[in-house]
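Trainee: using only what follows, build the 3D model:
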Amino acid sequence: MKKFILLLILSVSVYSNINGQEDVVKNDKTEFNILFVGNSLTYTNDLPQLVKKYAKRKGIKIKTKMIAYPNYAIIDHWNDGKIQKLIVSKTYDYVIIQQGPSSQSEGRKMLIEDGQKISNLCALYDTKLCYFTVWPSLNYFYTFDGVIKNHRDAADINSAILLPVGEVWKNYIDTTDDKQYYGPDGFHPSKKGSEVAAQVIVEHLFQL
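Mentor: Predicted coordinates for the structure are as follows:
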């Protein structure tokens with residue numbers, strides 16, 4: 001009986017050490033592949049490239065691919081079928097999805113239900129889904145709280161990572177009354193706005 005107990009303890013100890021080493025290896029990973037899926041709020045100022053540059057400053061190597069077209073929502077990308085092929089390739093550690101502000105009920109439903117389709121596929125291929133919280137246009141700034149809530153809820157429901165760019169924007173604007181993160185059209189990001197977005201994405205992805 002004593003020999004059995006000793007053997008059991010040794011087995012648990014070895015198992016714990018092996019799994020601990022695997023966790024360390026995962027935590028020490030410094031090169032990642034990220035797929036960006038979105039529209040003009042992503043490709044304006046080449047956000048993926050800004051993310052790559054900021055990550056490099058933090059000692060993290062990133063390779064990116066962007067699938068982004070004007071006025072596209074998540075469902076449009078899903079219907080095109082390109083992102084499914086990329087996820088199935090097992091190339092990507094993270095898939096970052098983005099659509100319009102989505103403050104209203106229809107946009108909320110799309111964030112949750114269409115995001116769930118991608119989340120389910122990601123789960124099969126060891127890829128983590130991320131929601132990139134955006135912002136409303138200045139003309140609809142009053143809907144900002146709805147934008148934030150719907151992205152938070154969608155990420156929570158689909159067990160995804162939330163990248164709260166819009167929240168950071170809103171906090172800054174509310175505090176300073178400075179709208180420099182917006183570009184000339186009052187909707188698309190300025191270079192500064194995209195740089196802030198890149199910083200938020202890197203810091204929340206890698207918990208810096």
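
Trainee: low-confidence ranges in this structure?
Mentor: 1-28 (pLDDT under 70).

Trainee: hmm, who's touching stretch 108-116?
Mentor: Stretch 108-116 is contacted from outside by 73-75, 78, 97, 99, 102, 129, 131, 150-151, 153-154, 157-158, 160, using C-beta atoms under 8 Å, 6 or more residues apart in numbering. Where you see a C-beta, it was placed from the backbone N, CA and C, and this is true even at glycine.

Trainee: now the residues you listed: which count as buried?
Mentor: 73-74, 78, 97, 99, 102, 129, 131, 150-151, 154, 158, 160 (16 or more other C-beta atoms under 10 Å).

Trainee: I'd like those residues laid out as a markdown table, including secondary structure and distance to Lys61.
Mentor: Shown next, in a markdown table, are the buried ones among the contacts of stretch 108-116 (DSSP: H, G, I helix; E, B strand; the rest coil; distance: C-beta to C-beta, whole Å):
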| residue | secondary structure | distance to Lys61 |
| --- | --- | --- |
| Ala73 | coil | 31 |
| Ile74 | helix | 28 |
| Trp78 | helix | 29 |
| Ile97 | strand | 23 |
| Gln99 | coil | 28 |
| Ser102 | coil | 32 |
| Leu129 | strand | 21 |
| Tyr131 | strand | 24 |
| Asn150 | helix | 33 |
| His151 | helix | 28 |
| Ala154 | helix | 29 |
| Asn158 | coil | 28 |
| Ala160 | coil | 23 |
